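1. quick one, what's the 3D model for this:
(one chain, ligands or ions: 3)
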Amino acid sequence: MRIALTGSGGQVGFELRRALLPVGEVIPLDRGGCDLANLDGLRAALTAARPDVIVNAAAYTAVDRAESEPALAEAINAEAPGVIGAVGRELGARVVHYSTDYVFEGTLDRPYTETDAPHPQSVYGRTKLAGEAALAATGARHWIFRTAWVIGARGHNFARTMLRLAAERDSLRVVADQIGTPTTAALIADVTAQALTRDGERPAEDGIYHLTATGHTSWHGLACHVIEAARAAGHPIKAGPESVAAISTEDFPTPAPRPADSRLATDRLRQVFGVHLPDWQTALEHTLEQIL
Ligand SMILES: NC(=O)C1=CN([C@@H]2O[C@H](COP(=O)(O)OP(=O)(O)OC[C@H]3O[C@@H](n4cnc5c(N)ncnc54)[C@H](OP(=O)(O)O)[C@@H]3O)[C@@H](O)[C@H]2O)C=CC1
Ligand SMILES: Cc1cn([C@H]2C[C@H](O)[C@@H](COP(=O)(O)OP(=O)(O)O[C@H]3O[C@@H](C)C(=O)[C@@H](O)[C@H]3O)O2)c(=O)[nH]c1=O
Ligand SMILES: [Mg+2]
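-> Residues are numbered from 1 along each chain as shown. Ligands and ions are numbered 1, 2, ... in the order given. Purely as a prediction, here's the structure:
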């Protein structure tokens, strides 16, 4: 099986390069050889790779910057998935794509299922939702894994930001009224690999699957958790968990609004693919050991 992997240098893409090794031959595509903002180039690079599966781990993920760069976010997040789907359709390749909890408004007071209506509050969320629709409209065989609060050992993520700030500053302020489920890049990659492996036996239905760890916390809870782990590992920390103030969203204004409660219900994924989803703290242990 030939697997073309876009965004191979990102958090999830990096883990996929490991997790997909026993699934098939991975053809990593990075921005240099395959720029998602260049739709003709994207089509040519994917076609030349002759894939049986296309895994798209590339995206425009800078949530606040997207508010002032909507055209670029639109090209990468909304239009490119349509091109990827069109190539998948032509080649008969399955497309695996990732989306986000930020397609939701965050006001439901229970975990969102795949059939709940999305209502994005930001350019990032709106363009990611448009990308889901563009891919589905191509008629390619596809799975869209909606995930959340991704934490990889490298790359840009909230956990690493908190560790850096806690080493630099005496105190931190972190919002406590936005909740969701931290999910490691490794878990996302491993579930993707298991889904593709199982696909040969019993093809799973196309469509959207929510893919997060279980349990939930706030950004404040997550900050305290990773800072505590760093202290326990003997890291020089200036701001311990006791120095992380729990603040409200209105006290931390950002260009892009975030959902208040973006928990995702993962029953569909577990039923269809037979995967076990660990709680977020257990999944994070391994990634935190790598970071620390
Ligand atoms: N990060 C998160 O918290 C969450 C992410 N997701 C989704 O999961 C998926 C993976 O995200 P994650 O791994 O965290 O993202 P990262 O930001 O870590 O990685 C994104 C990758 O996309 C690449 N990329 C960006 N622009 C282009 C472009 N124009 N052409 C080619 N490649 C490009 C980046 O390349 P380069 O390194 O060169 O910039 C990078 O390799 C995405 O679909 C994202 O929307 C969903 C929920 C939460
Ligand atoms: C740095 C910082 C952030 N915050 C707040 C801002 C925001 O409300 C929240 C999260 O901040 P970040 O900007 O790090 O996280 P953000 O970029 O919003 O993370 C999101 O990324 C995209 C790609 C997704 O798809 C989402 O699932 C989610 O992971 O924490 C603080 O309260 N204090 C701080 O010191
Ligand atoms: Mg961010």
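2. and G33, what pLDDT?
-> On pLDDT, G33 comes in at 87.
3. what about it, distance to ligand 1?
-> 9 Å (C-beta to the nearest ligand atom, to the nearest Å). Where C-beta positions appear, they are placed from N, C-alpha and C, glycine not excepted.
4. give me the buried positions along stretch 277-289.
-> Within stretch 277-289, the residues scored as buried using 16 or more other C-beta atoms under 10 Å are 277, 280-281, 283-284, 287-288.
5. can you list those residues in TSV and add distance to ligand 1?
-> Formatted as TSV, those follow (distance: C-beta to the nearest ligand atom, whole Å):
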residue	distance to ligand 1
L277	15
W280	13
Q281	17
A283	14
L284	13
T287	13
L288	16
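6. I'd like the residues you listed as a markdown table, with pLDDT and distance to F104 appended.
-> Shown next, in a markdown table, are the buried residues of stretch 277-289 (pLDDT from 0 to 100; distance: C-beta to C-beta, whole Å):
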| residue | pLDDT | distance to F104 |
| --- | --- | --- |
| L277 | 98 | 19 |
| W280 | 98 | 18 |
| Q281 | 98 | 23 |
| A283 | 98 | 22 |
| L284 | 98 | 23 |
| T287 | 97 | 25 |
| L288 | 96 | 27 |
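7. mind putting the residues you listed in a markdown table, secondary structure and distance to T254 included?
-> A markdown table is the format used below for the buried residues of stretch 277-289 (DSSP: H, G, I helix; E, B strand; the rest coil; distance: C-beta to C-beta, whole Å):
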| residue | secondary structure | distance to T254 |
| --- | --- | --- |
| L277 | coil | 29 |
| W280 | helix | 23 |
| Q281 | helix | 26 |
| A283 | helix | 26 |
| L284 | helix | 24 |
| T287 | helix | 25 |
| L288 | helix | 25 |
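8. closest one to P28 out of those, please.
-> T287 (20.9 Å; C-beta to C-beta).
9. near ligand 1, which residues of the stretch 151-292 of the chain?
-> Contact residues (C-beta under 6 Å from any ligand atom) of the stretch 151-292 of the chain with ligand 1: G155.
10. any weak-confidence spans in the stretch 151-292 of the chain?
-> Of all residues in the stretch 151-292 of the chain, none has pLDDT under 70.
11. ok, and the closest non-adjacent residue to A59?
-> N77 (5.6 Å; C-beta to C-beta, 6 or more residues apart in numbering).
12. next, the one you found: secondary structure please.
-> Following DSSP: H, G, I helix; E, B strand; the rest coil, we place N77 in the helix state.
13. re earlier: biggest separation within the buried residues of stretch 277-289, which pair?
-> L277 and L288, at 18.1 Å, using C-beta to C-beta across the buried residues of stretch 277-289.
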